[in-house]
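Peer 1: based on what follows, work out the 3D shape:
(chains A and B)
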Amino acid sequence: MNPQIRETAAEWLVEFRTATPGVVARRQFASWLCASPEHIAAYLNMLVLWEDARGYDEKRRLDIDPLIALARTDHVITDLQVVYGAADALAPERLASPAVVTQKTILRRLLGPRTGIAVLLSLAINCGLWWIAIDSRNDGFTTQIAEQRSVVLSDGSHVDLDALSNVRVKFTSHERAVELVSGQALFHVTKDPKRPFVVRAGGTRFRAVGTQFDVNRTPLGTVLTVLEGRVAVLTAAGAPRSFFGTMVEAGQQVTVLHGTITPPQTIDTAAVSGWTRKLLIFASTPLPVVAEELNRFNFRHLIVAGPELDHFEVTGTFQALDPETLTNFVLFLRRQPGLAVLEQQDQITVQARPAP
Amino acid sequence: MESYKGAELLSKSQKNFVAEVAAKHAVRLRRFLAARLRNTADTADLAQEVFLRLLRVERFERIRSPEAYLLTIASHVIHQHSLTNVNAPVTSDAFDALLDEHLATDSDPVAQVHLERRLEALDHALARLPPRTRAVFVLQRRDGCTLDEISAQLGISRGAVKKHLARAIAQCSSQIQEPRQEQR
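Peer 2: Just a heads-up that it's a prediction; the model follows:
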């Protein structure tokens, strides 16, 4: 079944089970149901799962408290490395606690009577990855190709770092400063009105108090997407429109290029944070940006030559970690009549085919 | 999905009606779909039949509670199906509505085995979810917490709780139905 249908069905079910949807929602739901038998099948399946789940763990074998503790320090990326560290005045016990919880939860899962062999095996393998040394002096984090990381900062905020990315952290008593040197990161910022959380990328500053936002440095500018809360954008070049900068609200995206901020656009934030689920989701995304994101996961880089292809847009969803993704994408590019593709040992160059 | 926030509320009696209809038909639907979750052909047949009937309803989108209507129709289709198919393990009679769900499954060993098998599959699927998504799901379904309670416990917004809930059931359902695909 198409995952999109499944997700929509799940969203509707949650809507109907946790709230009383209004007349507009009910009509939307009705027309969604009438659009396809697949929608109906998906909804009925979700309903059964939902009802079944009431009987889940009736004997209360699962201790919820460690799970809650873990969830409070949750990272979108779960089965990758978790590194604790960075910044000023680190209380050792504070650093240690989330990691201990993690271990306890895994042990509980390992020993849990209902856990199957397959899960045991996969957890045993994952265990090794979870336990990473603490280096409190380290104030920079770098990821390699196809490597993603979650970093918990000393204030409890955390950063999901995309592949081939680099951040530097410097916390002072009046500011929590993070520099995104390259790549992309998703910031989950804890509230601290006295110390704003400021992300610098090139000459631009993104200031938040408590929120979730994604910053992506692409060849066509730095893209800010706000998932929760609000973020103020302050550019260095040129006078900002106001002292407080341009406010970007949840669900909106702006691109900053050479000190100019595009008007905020409402977008699908789930697509932007897709990379944390190892999905590259593009919706009318310019080819140079697509290439940049693909290159974060492949040693063989895709080079877009010349500015002509800035307007060549790509829409689609790709598995970031699937080795076929690049191959298939290059195949797709080869089929485009307007493009010339040159494959070499360590790179693939694509450029606009000159008009005959 | 975001555009309908803040739309007007159903009246109290209307709300109860929806819950009643859902509870009434849940037993029958679960029994029918339980044994067939993996047999997508049966589910697809049911969905197809329900779909055709919905299309015959004039101005279905104007119906006050489309979900209750959907469940009623699905339940009727199953009822007819069980009448024409003697071997089908589906029993349905007027008492269904009166039976408590647990009572219903306890008294039917086949249904009980099916339920246990599904809960086991659900357990495996849940283990693969990120901690926050799993916590939201367990708090809501097992512990019966409200959205606000979960939001306070986990320090995330109400909207985020809903998103995690939806993600949990979507991913579990996909795990259970297409386990191989998800293991990539």
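Peer 1: just the pLDDT for residue 134.
Peer 2: Picking chain A for this. Here the pLDDT value assigned to residue A:134 is 30.
Peer 1: oops, I was thinking of chain B
Peer 2: 92.
Peer 1: contacting residues for the residue lying closest to it once chain neighbours are set aside?
Peer 2: In space, and not counting its chain neighbours, residue B:134 is closest to residue B:126: 5.5 Å by Cβ to Cβ, 6 or more residues apart in numbering or on different chains. Where you see a C-beta, it was placed from the backbone N, CA and C, and this is true even at glycine. Neighbour list for residue B:126: A:56, B:134, B:137, B:138, B:168, B:172 [criterion: Cβ atoms under 8 Å, 6 or more residues apart in numbering or on different chains].
Peer 1: make CSV out of the residues you listed and add distance to residue A:257 and neighbour count.
Peer 2: Formatted as CSV, these follow (distance: Cβ to Cβ, whole Å; neighbours: other Cβ atoms under 10 Å in any protein chain shown):
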residue, distance to residue A:257, neighbour count
A:56, 49, 16
B:134, 40, 24
B:137, 41, 23
B:138, 45, 23
B:168, 38, 28
B:172, 42, 27
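Peer 1: hmm, which of those is lowest in pLDDT?
Peer 2: residue A:56 (86).
Peer 1: how much space separates that residue from residue B:137?
Peer 2: 8 Å (Cβ to Cβ, to the nearest Å).
Peer 1: same question, residue B:178
Peer 2: 19 Å.
Peer 1: then residue A:335?
Peer 2: 43 Å.
Peer 1: what about residue A:17, neighbour count?
Peer 2: A count of neighbours around residue A:17, defined by other Cβ atoms under 10 Å in any protein chain shown, yields 19.
Peer 1: near chain B at all, stretch A:169-187?
Peer 2: No: counting by Cβ under 8 Å from any Cβ of the partner chain, chain B has no neighbours in stretch A:169-187; the shortest distance is 13.4 Å.
Peer 1: could you tell me the end-to-end distance of that stretch?
Peer 2: Across stretch A:169-187, the terminal residues are separated by 12 Å (Cα to Cα, to the nearest Å).
Peer 1: and the strands in chain B?
Peer 2: Along chain B, counting by DSSP state E, no stretch forms strands.
Peer 1: where does it have its least confident helix or strand?
Peer 2: helix B:101-106 (a mean of 44; mean pLDDT, DSSP states H and E).
Peer 1: ok, chain A next?
Peer 2: For chain A, counting by mean pLDDT, DSSP H and E, that's strand A:81-84 with a mean of 28.
Peer 1: could you pull up phi and psi at residue B:156?
Peer 2: phi -130, psi 160 (degrees, to the nearest 10).
Peer 1: let me fix that, I meant to ask about residue A:178.
Peer 2: The phi/psi pair for residue A:178 (degrees, to the nearest 10) is phi -130, psi 130.
Peer 1: kindly report the same for the one 3 residues further on.
Peer 2: Residue A:181 adopts backbone torsions of phi -70, psi -40, taken as degrees, to the nearest 10.
Peer 1: dump the residue contacts of it.
Peer 2: Counting by Cβ under 8 Å, 6+ apart, residue A:181 has contacts A:166, A:167, A:168.
Peer 1: show the pLDDT at it.
Peer 2: Confidence score, pLDDT, at residue A:181: 92.
Peer 1: show me what the helix or strand that contains residue A:328 is in contact with.
Peer 2: Secondary structure assigned from DSSP states H and E places residue A:328 in helix A:324-334. Applying Cβ under 8 Å, 6+ apart, the external contacts of helix A:324-334 come out as A:280, A:290, A:294, A:297-298, A:300, A:302, A:318-319, A:339, A:341, A:343, A:348, A:350.
Peer 1: tell me which residue in the stretch 151-300 of chain A sits closest to chain B.
Peer 2: residue A:228 (6.5 Å; Cβ to the nearest Cβ).
Peer 1: give me the pLDDT for that residue.
Peer 2: Residue A:228 is given a pLDDT of 90.
Peer 1: repeat that for residue B:44.
Peer 2: On the pLDDT scale, residue B:44 gets 78.
Peer 1: residue B:175 and residue B:125, how far apart?
Peer 2: Relative to residue B:125, and taking Cβ to Cβ, residue B:175 is found at 4 Å.
Peer 1: whoops, residue A:229 was the one
Peer 2: From residue A:229 to residue B:125 the distance is 31 Å (Cβ to Cβ).
Peer 1: okay, these two: which has more neighbours?
Peer 2: It is residue B:125, of residue A:229 and residue B:125, that has more neighbours when counted by other Cβ under 10 Å, with 23 against 17.
Peer 1: surely that one meets residue B:178?
Peer 2: No: look at residue B:125 against residue B:178 with Cβ atoms under 8 Å: they stay out of range, at 11.0 Å.
Peer 1: for the residue of chain A found nearest chain B, what are phi and psi?
Peer 2: Going by Cβ to the nearest Cβ, chain B is nearest to residue A:22 of chain A, at 2.1 Å. Note on residue A:22: its backbone torsions stand at phi -80, psi -180 [degrees, to the nearest 10].
Peer 1: how many residues are close by it?
Peer 2: 16.
Peer 1: residues touching stretch A:200-212, excluding its own?
Peer 2: A:177-180, A:186-193, A:196-199, A:213, A:215, A:217, A:222, A:224, A:226-237, A:245, A:250, A:256, A:259.
Peer 1: narrow the residues you listed to those in strands?
Peer 2: A:177-180, A:186-188, A:197-199, A:213, A:215, A:217, A:222, A:224, A:226-228, A:230-235, A:256.
Peer 1: so the strand or helix carrying residue A:318 versus helix A:324-334, what angle?
Peer 2: Using DSSP H and E, residue A:318 sits within strand A:313-319. Going by axes from the mean of the first three to the mean of the last three Cα atoms, to 10 degrees, strand A:313-319 is angled at 160 degrees with respect to helix A:324-334.
Peer 1: now do strand A:313-319: which elements does it pack against?
Peer 2: Applying 3 or more Cβ pairs under 8 Å, 6 or more residues apart in numbering or on different chains; DSSP states H and E, one finds that strand A:313-319 contacts strand A:279-286, helix A:287-295, helix A:324-334.
Peer 1: and those, which is most packed in?
Peer 2: helix A:287-295 (a mean of 22; mean count of other Cβ atoms under 10 Å in any protein chain shown).
Peer 1: circling back: for the helices and strands packed on strand A:313-319, give me TSV that also has distance to residue A:273 and mean pLDDT.
Peer 2: Putting those into TSV (distance: least, Cβ to Cβ, whole Å; pLDDT from 0 to 100) gives the following:
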stretch	distance to residue A:273	mean pLDDT
strand A:279-286	9	87
helix A:287-295	13	93
helix A:324-334	18	88
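Peer 1: distance to residue B:46 for these - can I get that in JSON lines?
Peer 2: Listed next are the helices and strands packed on strand A:313-319 as JSON lines, based on distance: least, Cβ to Cβ, whole Å:
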{"stretch": "strand A:279-286", "distance to residue B:46": "31"}
{"stretch": "helix A:287-295", "distance to residue B:46": "41"}
{"stretch": "helix A:324-334", "distance to residue B:46": "36"}
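Peer 1: what about the chain, any weak spots by pLDDT?
Peer 2: In the absence of a named chain, this looks at chain A. Across chain A, residues meeting the criterion (pLDDT under 70) sit at A:73-138, A:236-244, A:356.
Peer 1: um, chain B though
Peer 2: Using pLDDT under 70, chain B drops low at B:1-28, B:31-41, B:81-108, B:110-111, B:179-184.
Peer 1: so where do the helices sit in it?
Peer 2: Along chain B, the segments classed as helices by DSSP state H run B:12-34, B:40-56, B:66-84, B:101-106, B:109-127, B:131-137, B:147-154, B:158-177, B:179-182.
Peer 1: buried residues in the fifth one?
Peer 2: The neighbour-count criterion (16 or more other Cβ atoms under 10 Å in any protein chain shown) identifies B:111, B:114, B:115, B:118, B:119, B:121, B:122, B:123, B:124, B:125, B:126, B:127 as the buried residues of helix B:109-127.
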